[in-house]
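Trainee: Show me how the following folds:
(one chain, ligands or ions: 1)
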Amino acid sequence: MMLNLPEFKVISKEQNEHFYKFTVEKEEKPFICPQCSWLIPELSFFEDDVKMEFKPHQVKERIVSDISMHGKAVKLLIRHRRFRCPSCDGTFYEVLESVDRGGKVTKRLVEHITKLALKKPFTHIADEYGISHTSVRRYFEEYVAEQESQRILIAPKVLGIDEAHLNKVMRGVFTDNENNMILEITADNLKRTVKQTIQRMEGWQNIEVATIDMWSGYKYAVNELVPNAFVVIDKFHVIKYANQALDQIRIAIKKGLGKQEQHLLTRDRYVLLKNKEDLKPQDVQKRDMWFGHFPMLAKAYWLKEDMRDIYNLSKDRYEAFQRFYAWESSIPNDFKQFKDIQKTFNNFKQEIFNYFLQPFTNAYTESVNNIIKSVEKAGKGYSYDVLRAKVLYGTRATVKKPKFQKDMEFQRFDNVLYNMDGSLKPIYIDGDAPELVTVGTDLTTLSEILERGEF
Ligand SMILES: [Zn+2]
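Mentor: Modelled structure (predicted):
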């Protein structure tokens, strides 16, 4: 009974330190011959000889792995019977509903492993269940293929397109920036791929806003497909450019200093790249002391902060433009790093300042990137496909177990309906199967999972 596989009757239960061994046999005899479709007399419309029946022919013992119980691995020793058909004289093995087609594991173990595989490294699961990691991978891939075939990508109103490093290659990351969902990760971020991905989204013609970084492939992909979509350059990318320019100047200045002067500049990167309003008083003091010694460093620093202030202080697009023009003319001619980003900013000027009309950002891509990194770290050597699937489907299968409560809803399982295959799928009696909505993967759930150290 404790096996919860109604297909079988348990003949004996044994255990040792590591295993439970259940010797089982099918409860019911077969009712139909798989070769000639002869039906047992009780079910047949024909006037069969009532004495005719399937004759036991042979019994083969099969070892099948099942879900662990009480910390012990569970092995079923199935007495698999072979019968002879009285009608066609052929022999056949009875069908084992609860066993996976490979014959080595139960279907419910496959389901269980698949869920685990979304958040744990394959090798951990393989060790725990004493099966090969290639089998774990296969179950995982089959699950992903099924999910892929059912997945409907719906175009968001506000589409975020960004990039992420995954397996050392730049990938495209597509998000729903209104609802903070990750929609897709693509093998590369070429314009062609971006266009194809957008066109795979149902209702892509209705995309209203696209937030992107300063990679022209994204801009042109959106412009060509949805010319009316409002393109906004993500403000964090703009500020990142300013930070990078400052950092390059900081490094160059530091390099040109003697040992002693270099010593003055400790924790300089941290202090200079931090937002000015977040600095502690002692860091402000330090910073101002440096600026007295190194005026070029001060100039670079204020160019960075002024760029931030364009966003923080401007009331509208017009004011932002005015600040930007003042910012441009304040760049010293020998500040190549800032002259370079000034050029980039000018190439995307309209889109950068569109932010003041539609203030959307790709802030969530940052968390996607963190998720990708941690998945990558957990499973070294995973292919892009596996990593992508873990990120995209990792949350869907991990509905958190609720807290146990005495009065929560339970179903008896000693005498009621089952899935005959013993699968973990719930039975929906009223025909109200859950609605399948697979639009994207919720990033907040993903982040929670990350914090719990899963994947
Ligand atoms: Zn037959």
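Trainee: near the ion, which residues of the chain?
Mentor: Counting by C-beta under 5 Å from the ion, the chain comes close to the ion at 33, 35-36, 38, 85, 87-88. Just so you know, the C-beta spots here come from the backbone N, C-alpha and C atoms, and that holds for glycine as well.
Trainee: Out of these, the closest to residue 255 would be?
Mentor: Using C-beta to C-beta, residue 35 comes nearest to residue 255 of the residues of the chain next to the ion, at 82.7 Å.
Trainee: circling back: can you redo the residues of the chain next to the ion as a markdown table with pLDDT, secondary structure and neighbour count?
Mentor: Shown next, in a markdown table, are the residues of the chain next to the ion (pLDDT from 0 to 100; DSSP: H, G, I helix; E, B strand; the rest coil; neighbours: other C-beta atoms under 10 Å):
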| residue | pLDDT | secondary structure | neighbour count |
| --- | --- | --- | --- |
| 33 | 93 | coil | 21 |
| 35 | 93 | coil | 13 |
| 36 | 93 | coil | 13 |
| 38 | 90 | coil | 20 |
| 85 | 94 | coil | 22 |
| 87 | 90 | coil | 15 |
| 88 | 94 | coil | 13 |
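Trainee: possible to save those residues as a markdown table with distance to residue 169?
Mentor: Shown next, in a markdown table, are those (distance: C-beta to C-beta, whole Å):
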| residue | distance to residue 169 |
| --- | --- |
| 33 | 55 |
| 35 | 52 |
| 36 | 56 |
| 38 | 58 |
| 85 | 57 |
| 87 | 61 |
| 88 | 58 |
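Trainee: Now residue 4: phi and psi?
Mentor: Backbone torsions of residue 4, given as degrees, to the nearest 10, read phi 60, psi 40.
Trainee: check contacts around the closest residue to residue 112 other than its chain neighbours.
Mentor: Spatial nearest neighbour of residue 112, chain neighbours left out: residue 67 (5.2 Å); criterion: C-beta to C-beta, 6 or more residues apart in numbering. Shown in contact with residue 67 (C-beta atoms under 8 Å, 6 or more residues apart in numbering): 74, 106, 108-109, 112.
Trainee: which of those tops the neighbour count?
Mentor: residue 106 (26 neighbours; other C-beta atoms under 10 Å).
Trainee: low-scoring pLDDT stretches of this structure, where are they?
Mentor: 1, 47-50, 379-380, 395-402, 411-455 (pLDDT under 70).
Trainee: I'd like to know how far the residue nearest the centre of it sits from residue 11.
Mentor: Of all residues in the chain, the one closest to the mean position by C-alpha atoms, centre = their mean is residue 391, 1.6 Å from it. Residue 391 sits 45 Å away from residue 11, going by C-beta to C-beta, to the nearest Å.
Trainee: Equivalent analysis for residue 280, please.
Mentor: Counting by C-beta to C-beta, the separation of residue 280 from residue 11 is 72 Å.
Trainee: repeat for residue 373
Mentor: 51 Å.
Trainee: swap in residue 298?
Mentor: 84 Å.
Trainee: So residue 228 belongs to a helix, correct?
Mentor: No. Residue 228 is assigned coil when assessed by DSSP: H, G, I helix; E, B strand; the rest coil, not a helix.
Trainee: what's the following helix or strand after the top strand by length along the chain?
Mentor: Taking DSSP state E as the criterion, the chain has its longest strand at strand 55-69. Next in sequence after strand 55-69, counting helices and strands by DSSP states H and E, comes strand 72-84.
Trainee: by contact count, what packs against the next helix or strand after that following strand?
Mentor: Under the assignment DSSP H and E, the closest C-terminal helix or strand after strand 72-84 is strand 91-93. Packed against strand 91-93 by the contact rule (3 or more C-beta pairs under 8 Å, 6 or more residues apart in numbering; DSSP states H and E) you find strand 55-69, strand 72-84.
Trainee: For residue 57, which residues are in contact?
Mentor: Here residue 57 is in contact with 81-84, 91 (criterion: C-beta under 8 Å, 6+ apart).
Trainee: quick revisit: so between residue 298 and residue 11, which is more surrounded?
Mentor: residue 298 (16 against 11).
Trainee: Wait, a helix at the more buried one?
Mentor: Yes. Secondary structure of residue 298 (three-state DSSP): part of a helix.
Trainee: State the number of residues packed around the nearest residue to it once chain neighbours are set aside.
Mentor: Of all residues not flanking residue 298 in the chain, residue 291 sits nearest, at 3.7 Å (C-beta to C-beta, 6+ apart). Around residue 291 sit 15 other residues, with neighbours defined as other C-beta under 10 Å.
Trainee: Pretty sure residue 291 sits against residue 297.
Mentor: Yes. Using C-beta atoms under 8 Å, residue 291 makes contact with residue 297 at a distance of 6.5 Å.
Trainee: Please state the backbone phi and psi of residue 185?
Mentor: Dihedral angles (degrees, to the nearest 10) for residue 185: phi -120, psi 130.
Trainee: so what's it up against?
Mentor: 164, 166, 171-174, 372, 388, 391-392.
Trainee: coming back round to it: the residue nearest to residue 298 belongs to a helix?
Mentor: Yes. Counting by three-state DSSP, residue 291 falls inside a helix.
Trainee: got the contact list for it?
Mentor: With C-beta under 8 Å, 6+ apart, residue 291 has these contacts: 297-298, 301.
Trainee: so which of those residues would you say is closest to residue 101?
Mentor: residue 301 (65.3 Å).
Trainee: which residues in this protein form strands?
Mentor: 8-15, 19-26, 55-69, 72-84, 91-93, 158-166, 169-176, 181-186, 209-212, 230-233, 441-442.
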